[in-house]
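> I would like the atomic coordinates for the input below:
(one chain, ligands or ions: 1)
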Amino acid sequence: MPELPEVQTIVNDLNKKIAGDTIVDFSSEWPKAIKNVKLPAFKKAIIGAKIKAAHRIGKNIFIDLSNEKTIYIHLKMTGHLLVKYQVSSIKYKAKEKDYFDDRVNQYIRHRWTLKGRNGKIKSMDFSDVRKFAKIVLTDTDKIKEIPEIKALGIDAMSPEFTFKKFNEILEKKKNMPIGLLLMDQSTIAGIGNIYRSEILFEAGILPGRKVASLSGQERIKLYKSIKKIMEKAIKLRGTSDSDYRDTAGAPGGFQKVLRVYRKQGEKCQKCGTIVIRKAIGQRSAFFCPACQK
Ligand SMILES: [Zn+2]
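Presented below is the predicted three-dimensional model:
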């Protein structure tokens, strides 16, 4: 599932590629994905509106429109957005076309047809193999009232997520294993299965450790590791361990620098000890039993 760095990459791309464009059409072969309105009402609300900007909270994407409406998208397991220029457009890159031929980019369930400020037509296609992704139409000023958004904890990359705040969270969740806490969206939003393992390896902390057992030094190291791994993953445009692709259909780069995630049975890159896989909560955590204490 796309986590904070993948969603941030998509949001950054959308702001570069489609901000200022006008929505001229929308079509869907899977209208069930639109959760709160019927397809005709959804089309009526968005066609003719301009795209103001994209932003995110946790793993949730928001596309604000000029008519005070917002399209809220959750990519779930396999969803991703592809911005395609018409072949005649000078912006169209041959390389992007090759990426669009990739199997994971072929499951187009929804298409927004857009008109750029220069009059050129492009599209934002929503590819989603498993069809779990969802789309919700909302008023821009009511984003925070959406139940799923209301239920979220602090975003891991927001300026409000300071060490002080992190430490307050730790104080409240003393009995939780740290590997579970990092993934708990109602506490800290944005970190999922891939990055919790990478963050804990960076910090040298075992995922099964109880929060109460973390020393002051370890807490500082862990906080810094969250920021460091998130920043590095955003810089590398996310991790494509399966279906995630950016808006050009291209894979991210972080899978090339993963150190423990899905490396079970392989030698730790730091010390040579075999990397272990163990269920923490519902999902597998990956760690080096020697580097992590
Ligand atoms: Zn190691």
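> name the helices or strands packed onto the longest helix seen in the chain?
Counting by DSSP state H, the longest helix found in the chain is helix 216-235. Secondary-structure packing of helix 216-235 (3 or more C-beta pairs under 8 Å, 6 or more residues apart in numbering; DSSP states H and E): helix 4-17, helix 163-172, helix 193-203. Every C-beta, even on glycine, is put in place using the N, C-alpha and C of the backbone.
> close to the ion, is the last one?
No: where contact is defined by C-beta under 5 Å from the ion, no part of helix 193-203 touches the ion; the two come within 8.0 Å at best.
> Could you tell me which other helices and strands that helix packs against?
Short answer (3+ C-beta pairs under 8 Å, 6+ apart): helix 193-203 packs on helix 178-181, helix 216-235, strand 283-287.
> these two touch, right, Phe287 and Val260?
Yes: taking contacts as C-beta atoms under 8 Å, Phe287 lies within contact range of Val260: 5.7 Å.
> any residues in contact with both of the two?
197, 201, 275 (C-beta atoms under 8 Å, 6 or more residues apart in numbering).
> Which pLDDT value belongs to the first one?
Per-residue confidence for Ser197 comes out at a pLDDT of 98.
> so can I have TSV of the helices and strands packed on helix 216-235 showing mean neighbour count and distance to Glu231?
Shown next, in TSV, are these (neighbours: other C-beta atoms under 10 Å; distance: least, C-beta to C-beta, whole Å):
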stretch	mean neighbour count	distance to Glu231
helix 4-17	22	9
helix 163-172	14	16
helix 193-203	26	11
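> Distance to Leu81 added to these, as JSON lines?
Listed next are those as JSON lines, based on distance: least, C-beta to C-beta, whole Å:
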{"stretch": "helix 4-17", "distance to Leu81": "6"}
{"stretch": "helix 163-172", "distance to Leu81": "31"}
{"stretch": "helix 193-203", "distance to Leu81": "20"}
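> between the ones you listed, which one is nearest to Val37?
helix 4-17 (21.6 Å; C-beta to C-beta).
> Please export the C-alpha coordinates of that closest one as PDB.
Extracted C-alpha coordinates of helix 4-17, given in PDB (Å, rounded to 0.1, in the frame of the first residue of the first chain):
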ATOM      1  CA  LEU A   4       3.500   8.800   3.100                       C
ATOM      2  CA  PRO A   5       6.500   9.100   0.700                       C
ATOM      3  CA  GLU A   6       4.600   7.600  -2.300                       C
ATOM      4  CA  VAL A   7       1.500   9.800  -1.700                       C
ATOM      5  CA  GLN A   8       3.700  12.900  -1.300                       C
ATOM      6  CA  THR A   9       5.400  12.000  -4.600                       C
ATOM      7  CA  ILE A  10       2.000  11.800  -6.300                       C
ATOM      8  CA  VAL A  11       0.800  15.100  -4.800                       C
ATOM      9  CA  ASN A  12       4.000  16.900  -5.800                       C
ATOM     10  CA  ASP A  13       3.600  15.500  -9.400                       C
ATOM     11  CA  LEU A  14      -0.100  16.600  -9.500                       C
ATOM     12  CA  ASN A  15       0.800  20.100  -8.500                       C
ATOM     13  CA  LYS A  16       3.400  20.300 -11.200                       C
ATOM     14  CA  LYS A  17       1.300  18.700 -13.900                       C
END
